[in-house]
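In: Below: sequence and its predicted model.
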Amino acid sequence: MSNKVKKTLKDSLNSQQYDAVTTVNGPVAVFAGAGSGKTRVITYRIANLLNEGIPITNILAVTFTNKAANEMKERIQGVVEIDPKKLWIGTFHSICLRILRQSGKAISLRPDFTVFDEEDSLSLIKDCMKESNIDIKRVNPRTVSKTISDSKVALVSSEDYPNVAGTGYFVDIVSSVYALYEKRLRENNALDFDDLIYKTVILFQNEPSTLDQYQEIFKHILVDEYQDVNAVQYELLRLLANKHRNIFVVGDDDQSIYAFRGADPTYMLRFRQEYPDAKVIKLEENYRCSQMILNAAHCVVQNNEKREEKKLWTNNEKGTPVKLVVCSNEKDEAQKTIQLIQERIKTQNRTYNDFVVLYRINAASRNFEEALMADDIPYQLVGGYRFYQRKEVKDFIAYLRIVNNPDDRVSINRVINYPKRNIGAVFIRKIEKMAHEDQCSFYDACHHLLKKKEAVARGRKGLQEFIDVVEAGRKLLQKGSLLDVAKLVYERTNIPTMLETEYAEDIAKDKVSNLRELLSAIHDFEQQYDGTEPILQAFLAQVSLFTDLDNMDPEQSRVTLMTIHSVKGLEFPIVFMAGMEEGLFPHYLSNCKQNALEEERRLCYVGFTRAKTELYLSYAMNRELYGKTTKSTPSRFLEEISEDLIERLKISTPRDGETGLKRKVSSVNRSKKDYSKGNPVSLGDLTAGKIVCHKIWGHGIVLDLKEIDSEHIIHIDFDTVGERMLNFKYAPLRIVEEVPTAAKGKS
DNA sequence: CACCTTGTGTTTTTT
DNA sequence: ACACAAGGTG
């Protein structure tokens, strides 16, 4: 057994990887570039620790997604025999949830607390703002929510916030809302996402004996995606590793893409300061990408100023250039993408699961879904409107949440009048008043009210029905079957019938089938239930931390659609990145800040380096988004790729004939030659009437040049895309000596 | 007092 | 395109 492991390690690892795997004691930081075998290192390291005789219960492994955790469990089982249930492996959130359920009592947390997702927490914040007479139109609740979330990540409590945040109108508002929000969370017996980690740190800070207990359990700590660790997570790790100092972190600062969530890649660079005796290992050989793809990725990311200079190398073959696909609009983009996929299936003997389509924002998935459906191509959509986030599913789950925790006011508010029970805002306020007078919970006040005969209200009957469903659910739960409880809710609330009257037939059908799917998920959960904690509590916890990514199945032959954020850690033979346009990618909200722009660039790097053999980049000249159509400029990231690594692809789809695009495409192709022959342009050259050549759009005639906010804006009429305004600073323009025929012909 | 209609504002990425 | 809040109606 032991020898088998040793041999496997030597055979399947390079010397740096081997070093990372077999350095058992002390702090280790591994800088692992994209595709350098990071997952393999972590897997083998755990296997090796077990092989060295370290009990499985003494290892903590933190991954970025549940899916990564499950995958890792499976892969370890391939090397050594383990009982995967004994291994502490999961996301920060799931691990902290487990710790708080076990030991939260020390900070007066009940073990049956509910986890609020972002929507729940925003709804509670709105309530708090209304209660404090803050005009929701003047102050955006989302901004308040984000500020509170940021505070928790920065370990700033509601008491400390006013002292730390300075002064001002907004700060005053957040101060009061934050305090009230915390109070309400406690009353709801609930924690929000940030609390899971934040309260665990508080627990460890306040209760040294509890901390000591976990320090003894987690003698060896491994952290994946360390570049995406934020302050509160860093503090958690620091506390846990403080005693035995066996902390092993793996990451890549070029792949840090979660700064919006407080991630700070400098923790990775600061590791050596925290642990001066740390061993630092660099993995720079890429085993995934072709040379051209890797170089193109490097072209982009090297434009970042805040980064450790490094260059990955690969022994893989040179490969083919990155392909640029120019599309007329977002529909055309989906069409062309699918056409390319079909071609490759036919000629290269590919299967659908060799392909992934990536985009910057979830909203972009729609067009691809529609096009794939129309062509009967199997696909799986990852992320987006996640299953457990859908309205009908959340409504249904709200009932289960109330059965589990009657203090969950957010869920009560959600469904007390759904289906309609004649319970409006006024009636609710009346119950609240009663709860306040009787010093009891809202739920208990409902009971009191129903007992009083004189309390006649129009909603009384409805309230009785609501309470009856919940009480029946609680009784049924005692008997043990979760599925029975769910069925009861399904039948007694009549939600399916409601849905049919509420929505159009096809939409209602969809929603009802989602609920059926939920019932079957509950059934499956019950089958695998291990009985370590109350079943409903266990189910709800899984639901709240579950992501669609966990559902992804790479085995099935389906095209995958997802955001670039979700694709981190995965690889595909052929990658399509859509929407390579200014404003979309980089996203316009990131445009203002240099840091944010650099993060977009890293995101681009992550996308590129998912591809093993082929990478397609596409952009649409016109895009409809958020209900309006806008003309777009190619992403600056396209300009950053050196010319020998990128190739414009000429595709004709049936639609092109109708729009006369074919003619334009051919003139663009000629223009590309002119661009490389042309001379660099200076500001003085740009007078009205001059013919210029754009790297992507080809020839155009200068109409105007003006200065706005000390930026030089050029107005050009292009043969291909018509009139555009360009910023001189970024525009890839050249002057052509001869007046090309294409431009002459146009007037 | 609850419900339905109209109008308004907002839209990144994820645990 | 969508959600959500205010205002009118039964």
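Out: In hand now; what should we look at? Treat the numbers as computed from the prediction; the structure is a model and nothing was measured. Numbering: from 1, shown residues only, chains lettered A, B, ... in the order given.
In: how close does the closest residue in space to A:Lys282 that isn't next to it in sequence get to A:Asn316?
Out: Nearest residue to A:Lys282 in three dimensions, chain neighbours excluded: A:Phe31, at 4.7 Å (C-beta to C-beta, 6 or more residues apart in numbering). Every C-beta, even on glycine, is put in place using the N, C-alpha and C of the backbone. Using C-beta to C-beta, to the nearest Å, A:Phe31 is found at 20 Å from A:Asn316.
In: These two: who's more crowded?
Out: A:Phe31 (25 against 19; other C-beta atoms under 10 Å).
In: you'd agree the more buried one is in a helix?
Out: No: counting by DSSP: H, G, I helix; E, B strand; the rest coil, one finds A:Phe31 to be strand, located in no helix.
In: right, and it touches A:Asp252 too?
Out: Yes: judged on C-beta atoms under 8 Å, A:Phe31 makes contact with A:Asp252 at a distance of 6.6 Å.
In: Who are the contact partners of the nearest residue to A:Glu500 once chain neighbours are set aside?
Out: By the measure of C-beta to C-beta, 6+ apart, the closest residue to A:Glu500 outside its immediate chain neighbours is A:Ala508, 4.6 Å from it. Neighbour list for A:Ala508: A:499-500, A:502 [criterion: C-beta atoms under 8 Å, 6 or more residues apart in numbering].
In: go on, A:Glu207?
Out: Residues near A:Glu207 by C-beta under 8 Å, 6+ apart: A:106-107.
In: Need the pLDDT of it.
Out: Looking at A:Glu207, its pLDDT is 95.
In: distance of it from DNA strand C?
Out: 38 Å (C-beta to the nearest atom of the strand, to the nearest Å).
In: that older thread, sort out which residues of the helix or strand hosting the residue nearest to A:Glu500 are buried, please.
Out: Secondary structure assigned from DSSP states H and E places A:Ala508 in helix A:505-528. Applying a neighbour-count criterion of 16 or more other C-beta atoms under 10 Å, one finds A:508, A:511-512, A:514-515, A:518, A:521-522, A:525-526 buried in helix A:505-528.
In: Identify, from those, the entry nearest to DNA strand B.
Out: Nearest to DNA strand B out of the buried residues of helix A:505-528 is A:Ala508 (C-beta to the nearest atom of the strand; 16.1 Å).
In: any idea of the pLDDT on that closest one?
Out: Reading off the confidence values, A:Ala508 has pLDDT 81.
In: Ok, A:Arg655 next?
Out: 44.
In: again, but for A:Lys105
Out: pLDDT at A:Lys105 comes out at 94.
In: Ok, A:Thr22 next?
Out: A:Thr22 carries a pLDDT value of 92.
In: How about the contacts made by A:Arg601?
Out: So A:Arg601 contacts A:300-301, A:303-304, A:586, A:637 (C-beta under 8 Å, 6+ apart).
In: now swap in A:Glu599 and tell me
Out: When contacts are counted by C-beta under 8 Å, 6+ apart, A:Glu599 touches A:256-257, A:259-260, A:590.
In: Could you point out which of those is nearest to DNA strand B?
Out: Distance to DNA strand B, by C-beta to the nearest atom of the strand, is smallest for A:Phe260 among those, at 3.3 Å.
In: isn't A:Gly607 right up against A:Thr563?
Out: No: A:Gly607 is beyond contact range of A:Thr563, at 9.6 Å (criterion: C-beta under 8 Å).
In: which of these two has more neighbours?
Out: For A:Gly607 versus A:Thr563, the count of surrounding residues by other C-beta under 10 Å is larger for A:Gly607: 29 against 19.
In: Now do the buried residues in the helix or strand where that one lies.
Out: Using DSSP H and E, A:Gly607 maps to helix A:594-608. By neighbour count with 16+ other C-beta under 10 Å, helix A:594-608 contains the buried residues A:596-608.
In: State the mean pLDDT of the helix or strand that contains A:Val426.
Out: A:Val426 belongs to helix A:425-438 when elements are defined using DSSP H and E. In this model, helix A:425-438 carries a mean pLDDT of 87.
In: hmm, it touching DNA strand C?
Out: No: taking C-beta under 7 Å from any atom of the strand as the criterion, helix A:425-438 and DNA strand C are apart, separated by no less than 9.9 Å.
In: other SSEs contacting that helix?
Out: In terms of contacts (3 or more C-beta pairs under 8 Å, 6 or more residues apart in numbering; DSSP states H and E), helix A:425-438 is packed against helix A:442-451.
In: Next secondary structure after the helix it packs on?
Out: Following helix A:442-451 in sequence, per DSSP H and E, is helix A:460-479.
In: can you state the direction angle for the helix or strand following that following helix and helix A:460-479?
Out: The helix or strand immediately downstream of helix A:460-479 is helix A:482-492, counting by DSSP H and E. Here helix A:482-492 runs at an angle of 160 degrees relative to helix A:460-479 (axes from the mean of the first three to the mean of the last three C-alpha atoms, to 10 degrees).
In: on that earlier part again, find residues that contact each of A:Gly607 and A:Thr563.
Out: A:Leu358.
In: wait, what's in contact with the residue nearest to A:Lys282?
Out: Contacts for A:Phe31 (C-beta under 8 Å, 6+ apart) come out as A:251-253, A:268, A:280-283, A:308, A:310.
In: who's it bridged to?
Out: Beta bridges link A:Phe31 to A:Gly251, A:Lys282 when assigned by DSSP bridges.
In: now it: how far from A:Val229?
Out: 14 Å.
In: Check the gap between A:Asn329 and DNA strand B for me.
Out: 18 Å.
In: and if you look at A:Asp117?
Out: Noted for A:Asp117: a distance of 7 Å to DNA strand B, by C-beta to the nearest atom of the strand.
In: Could you count how many residues lie near that residue?
Out: The number of residues near A:Asp117, taken as other C-beta under 10 Å, comes to 17.
In: these two touch, right, it and A:Asp195?
Out: No: counting by C-beta under 8 Å, A:Asp195 is not a contact partner of A:Asp117; they are 12.0 Å apart.
In: residues in chain A within reach of DNA strand C, list them.
Out: Contact residues, chain A versus DNA strand C (C-beta under 7 Å from any atom of the strand): A:126, A:136-137, A:391, A:626-627.
In: hmm, try it at 10 Å
Out: A:119, A:122-123, A:126-127, A:129-130, A:135-137, A:141, A:363, A:366, A:385, A:390-391, A:422, A:424-425, A:458, A:624-628 (C-beta under 10 Å from any atom of the strand).
In: In strands, which of those residues fall?
Out: A:624-625, A:628 (DSSP state E).
In: Highest neighbour count among those residues?
Out: Compared across these, A:Leu625 has the highest neighbour count, 17 neighbours, by other C-beta under 10 Å.
In: hang on, the earlier thing: now the contacts of A:Arg601 in JSON lines, with neighbour count?
Out: Listed next are the contacts of A:Arg601 as JSON lines, based on neighbours: other C-beta atoms under 10 Å:
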{"residue": "A:Val300", "neighbour count": "21"}
{"residue": "A:Val301", "neighbour count": "23"}
{"residue": "A:Asn303", "neighbour count": "15"}
{"residue": "A:Asn304", "neighbour count": "17"}
{"residue": "A:Pro586", "neighbour count": "22"}
{"residue": "A:Phe637", "neighbour count": "25"}
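In: which one in those is the model shakiest on?
Out: Ranked by pLDDT, those bottom out at A:Pro586 (86).
In: Is that one in contact with A:Pro634, as I believe?
Out: No: A:Pro586 sits out of contact with A:Pro634 when judged by C-beta under 8 Å, with a separation of 11.8 Å.
In: and the helix holding A:Val426, which residues are buried?
Out: A:427-428, A:431, A:434-435.
In: Pick the one among those residues closest to A:Asn295.
Out: The shortest approach to A:Asn295 among the buried residues of helix A:425-438 belongs to A:Ile428, at 61.9 Å (C-beta to C-beta).
In: so which strand or helix has A:Ser11?
Out: Actually, residue A:11 is Asp rather than Ser. helix A:2-12.
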